[in-house]
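Participant: Need coordinates for the below:
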Amino acid sequence: MKMYREMYAKADPPADFDELMETGEAKRDNFFKNYYLPQDQYEEIYDRICKEHKLTKREKTKVGFTVHLGASPTSVRPTGWDEEEN
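Facilitator: Numbering: from 1, shown residues only. Next up, the predicted model:
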């Protein structure tokens, strides 16, 4: 959860992941597409938190699949997304 919390806090627009869970927004289909996090920031958060928890290479890979295929913010900026408006 720590990884999701930090990713959504740094996403555009920023969000409180715990609040998304509490309000039910996180249960909506594809809700994560409303939040953008550049790939380099995603990787920095992922690498740092895996290192903090001293994960083995296998554990890190497993966490990576879970987070990436789970509910992490999208790293692909949606078409028509105006960075200054959002």
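Participant: Nearest residue to residue 71 in space, ignoring adjacent ones along the chain?
Facilitator: residue 32 (5.1 Å; C-beta to C-beta, 6 or more residues apart in numbering). Bear in mind the C-beta positions are built from the backbone N, C-alpha and C, glycine included.
Participant: from what I can see, that neighbour looks like it's in a helix, true?
Facilitator: Yes: the assignment for residue 32 is a helix, going by DSSP: H, G, I helix; E, B strand; the rest coil.
Participant: Could you double-check that it sits in contact with residue 76?
Facilitator: No: if you go by C-beta atoms under 8 Å, residue 32 and residue 76 don't touch, sitting 11.1 Å apart.
Participant: Counting neighbours, go ahead and name the busier of these two.
Facilitator: A direct count of neighbours by other C-beta atoms under 10 Å for residue 32 and residue 76 places residue 32 higher, at 21 against 10.
Participant: all helices for this structure, in order.
Facilitator: 2-9, 17-23, 39-52, 57-69 (DSSP state H).
Participant: average pLDDT across the second one?
Facilitator: Think helix 17-23. Computed over helix 17-23, the mean pLDDT rounds to 94.
Participant: That helix packs against which elements?
Facilitator: Counting contacts by 3 or more C-beta pairs under 8 Å, 6 or more residues apart in numbering; DSSP states H and E, helix 17-23 is packed against helix 2-9.
Participant: Buried ones in the helix it packs on, by neighbour count?
Facilitator: 3, 4, 6, 7, 8 (16 or more other C-beta atoms under 10 Å).
Participant: And for stretch 17-26?
Facilitator: 17, 20, 26.
Participant: what residues does that stretch touch?
Facilitator: Where contact means C-beta atoms under 8 Å, 6 or more residues apart in numbering, the residues beyond stretch 17-26 that reach it are 1, 4, 5, 7, 8, 9, 31, 71.
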